[in-house]
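Visitor: quick one, fold the following:
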Amino acid sequence: MKSPAVVNFSSAPHSVELREFARPEPGSDDVILAVEAVGVCGSDLHQWAGAHSWPVNYPVVLGHEFGGRIAAVGSGVRGWTEGERVVSETAAVIDPDNPLSREGRYNLDPKRKGFGYGVDGAMTRYVRVPARCLHRVPDGLAIEQAALTEPCCVAYNAVVKHARIEPGDRVVVLGPGPIGILCAAMARLAGAEVALVGLERDRVRLEVARAYGCEVIVGDASAWARARDGLGADGVVDAAGASAALKTALELVRPGGWISKVGWGPQPLGFSLDMLVQKAVTLQGSFSHNWPIWERVLALLASGRLDVRPITGGVWPLAEWHEAFEQMHDGRIVKAVLRPE
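Guide: Numbers count the residues shown, from 1 in each chain. I've put the predicted structure just below:
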């Protein structure tokens, strides 16, 4: 059985097309998931544009934010049955004997490979998933919302695990993409006053952040960051990735504050880090997520305390993937969701 799949077949720009893809067979520790919804990530757009900075195993089916129903179960899988609604983590391949994996931090395993770049992802009808990656979708949570658990987990890790927010803090988030907006939402849940900062071309996406109770700023956020006592923001989340954003973060953060960097960018820095030293700022990188974060985020989604509907700009059939990519790339929407037929 073959189904259409959105395949990235080369590093050259726009080397993505719809191809026929055979239904995979499960290994002993795998399930086959019938995909019902898959989110489009900024990294999918980067690979489509040929602007990514990570190795890709071409050709590869894109898509790592997904949910659906279990269609088949491997011979060694226990505790999962056909028909269950599930979402999947992204760490498709890990070394279980790596010390980091043994600590539960398999997201940092150097041998880790994820869906959509290391192994075939979920922009197709069926995807093979290790059973260790699965999480049950709570009753009442729509699959289009559950499919966006993954970017919420990225934001949770960057803001809750890798920052030190106290209620009443002033936090600046740089970059109004999906991760930036979700980081702002997480900071609000943690009790912070939050400003989301972007450029003139980001106005549509910035407006979405108002649904999460955020201030929105186009351009210079210095006045907002220093409004309390003149010293700067308690923390800054760099969700933009460009070198200029980190420089801005160092300028906005107060002495003794923190910066959580979650945005990717291949450019060299090109500026001095003396401010990092002079201000005694804590600079923390944040990558991916692990099992307990997924469970916590699914509970937040099910409770309604975290709502991804404001960032969801539409749901497209898989055949219209190009339109969904274009709308996200042009900033007309924040997040697109695809539905395999």
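
Visitor: kindly provide the distance from the residue nearest the centre of the chain to Gly198.
Guide: Taking Cα atoms, centre = their mean, the centroid of the chain lies closest to Pro151, which sits 2.9 Å from it. Pro151 sits 17 Å away from Gly198, going by Cβ to Cβ, to the nearest Å. (Glycine included, C-beta is placed from N, CA and C.)

Visitor: list of residues touching stretch 275-293?
Guide: Under the contact criterion Cβ atoms under 8 Å, 6 or more residues apart in numbering, stretch 275-293 has outside partners 89-91, 104-108, 114, 135, 150, 153-154, 156-158, 161-163, 250-251, 253-262.

Visitor: alpha carbons only: can I get it in CSV?
Guide: C-alpha atoms of stretch 275-293 as CSV (Å, rounded to 0.1, in the frame of the first residue of the first chain):
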residue,chain,number,x,y,z
MET,A,275,28.3,42.2,28.1
LEU,A,276,27.6,38.6,29.1
VAL,A,277,30.6,38.9,31.4
GLN,A,278,30.0,42.4,32.6
LYS,A,279,26.4,41.8,33.5
ALA,A,280,27.0,38.3,34.9
VAL,A,281,24.2,37.0,32.7
THR,A,282,23.3,33.3,32.6
LEU,A,283,23.1,32.2,28.9
GLN,A,284,21.3,28.8,28.6
GLY,A,285,20.8,26.8,25.4
SER,A,286,17.6,24.8,25.2
PHE,A,287,17.0,21.8,22.8
SER,A,288,14.0,19.6,22.4
HIS,A,289,12.4,17.9,25.4
ASN,A,290,11.8,14.5,27.1
TRP,A,291,9.1,12.3,28.5
PRO,A,292,8.0,14.2,31.7
ILE,A,293,7.7,17.4,29.7
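
Visitor: okay, now Thr232: neighbour count?
Guide: Careful, residue 232 is Gly and not Thr. 24 (other Cβ atoms under 10 Å).

Visitor: quick one, what contacts the closest residue to it other than its chain neighbours?
Guide: Closest residue to Gly232 apart from its sequence neighbours, by Cβ to Cβ, 6 or more residues apart in numbering: Arg254 at 3.5 Å. Remark: with contacts taken as Cβ under 8 Å, 6+ apart, Arg254 is in contact with 225, 231-234, 279.

Visitor: of these, which is the most crowded?
Guide: Ala233 (29 neighbours).

Visitor: that one touches Val172, doesn't it?
Guide: Yes - counting by Cβ atoms under 8 Å, Ala233 does reach Val172; the two are 4.6 Å apart.

Visitor: any shared contact partners between the two?
Guide: The contact sets of Ala233 and Val172 overlap at 225, 252-253 (Cβ under 8 Å, 6+ apart).

Visitor: could you say which helix or strand holds the residue nearest to Gly232?
Guide: Following DSSP states H and E, one finds Arg254 within strand 253-261.

Visitor: domains in this protein, as residue ranges please.
Guide: 2-148+308-339, 153-285 (automatic domain parsing).

Visitor: what would these look like in CSV with distance to Val297 and mean pLDDT?
Guide: Converted to CSV, those look like this (distance: least, Cβ to Cβ, whole Å; pLDDT from 0 to 100):
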stretch, distance to Val297, mean pLDDT
domain 2-148+308-339, 9, 97
domain 153-285, 5, 96
